[in-house]
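Student: Could you work out the structure for the sequence below:
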Amino acid sequence: MGRIIYFTGGSRSGKSSHAEKYIFDKGYEDRIYLATAIVFDDEMRARVRKHREQRGENWTTVEGYKNVVELVKPHMKKGGVILLDCLTNMVTNLMIMEKEYDWDNMPDSQLTLIENGIKKEVEEFLDFIKTQDQDLVIVSNEIGMGVVPAYPLGRYFRDICGRMNQIAAAKADEAYLLVSGLKMQLK
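Tutor: As a prediction, this is how the structure comes out:
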């Protein structure tokens, strides 16, 4: 059944490069790139272009951050791989897109509903992969090692991302931490 391989680390730590190298080294022929970022500006457009060039050709790109099982299903082929890049963007978009919240005055009950919705999306995708002949390589930012954000939305984001990272790492068959371009195997 499907294996999950998890890469985490700080910004510009080499997560995506190592995840792509992992995929190439394993010789996957059918590769799906699940792009969860939303392009808002020229900086993000340049980042997306750089990632495309770095990956090279022969990828099926699927863009989206919700209902990801349904997004990737039509493109899956036996023995292939999906690169989810990245879980952090997925969480961000599930938190803030198509919603209007007063994050400075968020009741705990509403925050719990938001996080439970994100958790459901993440767990459904991971559990789905485990039933398929399709592997999943996840890239996610480790954002809990820095300064505590000074504003509520930043703290909620850090906490929810941390818990989604824990779920992904727990379900992963292999897990790696990237620091300054160096890969350390966690599991």
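Student: Just the buried positions in the helix or strand of the chain at the bottom of the mean pLDDT ranking, please.
Tutor: When each helix and strand of the chain is scored by mean pLDDT, DSSP states H and E, helix 42-55 comes last, with a mean of 81. The neighbour-count check on helix 42-55 (16 or more other CB atoms under 10 Å) flags 51, 55 as buried. Where C-beta positions appear, they are placed from N, C-alpha and C, glycine not excepted.
Student: what packs against it?
Tutor: On a contact count with 3 or more CB pairs under 8 Å, 6 or more residues apart in numbering; DSSP states H and E, helix 42-55 meets helix 15-26.
Student: Over to Met106: give its phi and psi.
Tutor: phi -80, psi 120 (degrees, to the nearest 10).
Student: any idea how far Ala150 is from it?
Tutor: Counting by CB to CB, to the nearest Å, the gap from Met106 to Ala150 is 16 Å.
Student: ok, now Ile129?
Tutor: Where Ala150 is concerned, Ile129 sits at a distance of 37 Å (CB to CB).
Student: What helices and strands are in contact with the host helix or strand of Val91?
Tutor: Per DSSP states H and E: Val91 is located in helix 87-96. Applying 3+ CB pairs under 8 Å, 6+ apart, we find helix 87-96 packed against helix 108-130, strand 134-141, helix 152-171.
Student: got the contact list for the closest residue in space to Arg155 that isn't next to it in sequence?
Tutor: Computed as CB to CB, 6 or more residues apart in numbering, the closest residue to Arg155 that is not its neighbour in sequence is Pro149, at 5.0 Å. Applying CB atoms under 8 Å, 6 or more residues apart in numbering to Pro149 gives the contacts 155, 157-158.
Student: cool, and Lys78?
Tutor: Lys78 neighbours (CB under 8 Å, 6+ apart): 133-134.
Student: Quick check: phi and psi on it?
Tutor: phi -50, psi 130.
Student: So for it, what's the pLDDT?
Tutor: Reported pLDDT at Lys78 in the predicted model: 93.
Student: Ok, Val122 next?
Tutor: Reading off the model, Val122 has pLDDT 98.
Student: What number of residues are in the vicinity of it?
Tutor: For Val122, the neighbour count with other CB atoms under 10 Å is 23.
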